[in-house]
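>>> I would like to see how this sequence folds:
(one chain, ligands or ions: 1)
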Amino acid sequence: MICAPRRRGYYSSDEKDAVRRYFDLALLQNLSQTIGSKLSYFGLPSETLQDLKTWEPILAYVAAVERNAKKYRKIEQALIMQFPELRCTTHLGEIDKVILNNRGTPTDIGGQKYATPVSDHYVPDIPPQAWAFDVVNLDYYGPFLPSEIPEVQNRPRDRANALRKLFNIDRQDAFGRWVLLITVEATLSNSDIALLKAYLNSAKSGASGEVLTMIGYLLSAASDKAEEITKLVHGVTALMVATAASNANLRVKPRGTILYSGAKGQSMIHLAYEFEPAQETLSALVSWPLVLSAPILKPKNPLAAPWFELLSTQPPSLTSEEIRSYLEFLEPSCLDGICPAS
Ligand SMILES: C[S@@+](CC[C@H](N)C(=O)[O-])C[C@H]1O[C@@H](n2cnc3c(N)ncnc32)[C@H](O)[C@@H]1O
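Numbers count the residues shown, from 1 in each chain. Okay, here's the model as predicted:
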């Protein structure tokens, strides 16, 4: 099926639209069907709310974060005007800090400076104060290691700590499945590339042969810089997320990484993970080969199915059945187009 190009907003491109509509929406619909209800969202929608517009039919609650004060006000108004039936809160501040503090920068509420806790909303069947989001959409600006946080030695830690915090806030392990989406630019300084490589190298100690092969692949040169950075971000995020999830007794289902072209033509990396509470022992949950070997995709034709294809280099020894099981939530025609059943 060929679709006419749709109007795109400031934060979008045809490829970003395809990621939102044919990848993320399929994943979130699958989640909504599995848990049997509409979803609560925490993330960075921007004032154009394009992700929310695309996912609106399956959303019940939205907690929006924005660090730019003008956009923050616009988001507040846009949510009221465009989604009057959705329950929404808006939080001002750097999202890593909002996650770590469970609140944004205090703003004027009824003549007093106040910041509502992010967790302070009502979701049926979940205790008040629980951090109860089914989808966490970290659609950041800039690279994986943000330069906005001034002290250089702290900045990777701050983002990493915020990501880890998502797993030990009193909720995720107790209340069920949820999805984490992360989007970052595929540009990094040489010192940031060195940091990511050092992290992957440090994971080699005591690792199995399978993990060593995977890390070797992720550290190997690629046909271009964006692909090289994508493999590093894919590997580092997978290891961080797998460890944090395992500590919270959550099973990780990586759903794939996509390298696509953003609004200004810049290369972007989109990572998706799904989590579910598990009864097994911790060691059974940390499957590094499983998280490291999730498929890496790129858009094929953003205007026609199957939308995506596999990047030319893939993690070693992945069978087509394994690739298909990571991507099982996609429409069958999309899945078959990416990776036919063997
Ligand atoms: C890429 S846009 C979001 C697009 C939206 N998710 C969509 O799909 O339509 C990112 C928005 O979040 C804000 N933002 C980016 N990084 C942020 C951060 N670290 N903390 C808070 N706000 C951030 C930007 O100002 C912008 O409004």
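>>> the residue in the stretch 151-300 of the chain that the ligand sits nearest to sits in which helix or strand?
Across the stretch 151-300 of the chain, the shortest distance to the ligand (CB to the nearest ligand atom) belongs to residue 183, at 7.0 Å. C-betas here are computed from N, CA, C, even on glycine. Using DSSP states H and E, the element containing residue 183 is strand 178-185.
>>> which residues touch that strand?
Outside strand 178-185, the residues that touch it by CB atoms under 8 Å, 6 or more residues apart in numbering are 24, 27-28, 31, 43, 133-144, 166, 172, 233, 237, 241, 255, 262, 266-275.
>>> got the CA coordinates for the following helix or strand past it in CSV?
Counting by DSSP H and E, the element after strand 178-185 in chain order, helix or strand, is helix 190-202. Provided in CSV are the C-alpha atoms of helix 190-202 (Å, rounded to 0.1, in the frame of the first residue of the first chain):
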residue,chain,number,x,y,z
ASN,A,190,35.3,11.1,20.1
SER,A,191,35.5,11.2,23.9
ASP,A,192,31.9,10.0,24.2
ILE,A,193,32.6,7.2,21.7
ALA,A,194,35.6,6.2,23.8
LEU,A,195,33.3,6.1,27.0
LEU,A,196,30.8,3.8,25.3
LYS,A,197,33.6,1.5,24.0
ALA,A,198,35.1,1.4,27.5
TYR,A,199,31.8,0.4,28.9
LEU,A,200,31.4,-2.4,26.4
ASN,A,201,34.9,-3.6,27.0
SER,A,202,34.4,-3.6,30.7
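>>> going forward, the N-terminal residue is numbered 18.
Sounds good: first residue 18 from here, last item helix 207-219.
>>> if we can go back for a sec, just the buried ones from the contacts of strand 195-202?
Buried subset of those (neighbour count, 16 or more other CB atoms under 10 Å): 41, 44-45, 48, 60, 150-157, 160-161, 183, 189, 250, 254, 258, 272, 279, 284-292.
>>> and residue 335, that one's in a helix?
No: per DSSP: H, G, I helix; E, B strand; the rest coil, residue 335 lies outside any helix segment and is coil.
>>> list, one by one, the residues from the stretch 68-217 of the chain near the ligand.
68, 82-85, 88, 111-112, 156-158 (CB under 6 Å from any ligand atom).
>>> select only the buried ones of those residues in ChimeraX?
In ChimeraX syntax, the buried subset of these is picked out as below (16+ other CB under 10 Å):
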select :68,82,83,84,88,111,112,156,157
